[in-house]
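> No sequence on hand, only this structure:
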C-alpha cells in the first residue's frame, strides 16, 4: 500500500510540474511589457510589426510638431488613457492649455 501512495504522489507532482511549465512558458511568450519612447527608439527596426506597449507621459510644452520633418506610424488596436478626475475635453475654439491650467500649474509646482 505504501509503495502505491509513493507512486501516486510522484505522479501528482509530475503532473503539477508539467502544468506549471506549460503555463509559465505560455505566459512568457505572451507577456508584453511597456517600453518607454527612448527604449522604443533604441530598438529601431526590430519592433516593426511586433505588438508592443508604449508607456510614458507627455511633458508640458515638449511637443514640437513639424509635419515636414518626418512621422512615426503606429497601428493601434487598443488605447488606454489615464487622466485625472478634472478631465473634460476642450470645447470648440478653446485651447487645451486653458482647460488643463490647474493640472499644468500643479505639475510645475505652482
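Looks like it came in fine. Worth saying up front: this structure is predicted, and the values here are computed from it rather than measured.

> Worst mean pLDDT across the helices and strands of this protein, which element?
Taking mean pLDDT, DSSP states H and E as the measure, the chain has helix 101-107 as its least confident helix or strand, at a mean of 60.

> Listing request: residues of the chain with sub-threshold pLDDT.
Within the chain, the ranges that satisfy pLDDT under 70 run 1, 26-32, 71-74, 83-84, 86-87, 99-110.

> Do a quick rundown of the strands in it.
Counting by DSSP state E, the chain has these strands, from start to end: 34-35, 53-54.

> Please identify the most buried of the ones you listed.
strand 34-35 (a mean of 14; mean count of other Cβ atoms under 10 Å). Heads up, the C-betas are built off the backbone N, CA and C, glycines and all.

> Check which helices and strands that strand is in contact with.
Strand 34-35 sits against strand 53-54, with contacts defined as 3 or more Cβ pairs under 8 Å, 6 or more residues apart in numbering; DSSP states H and E.
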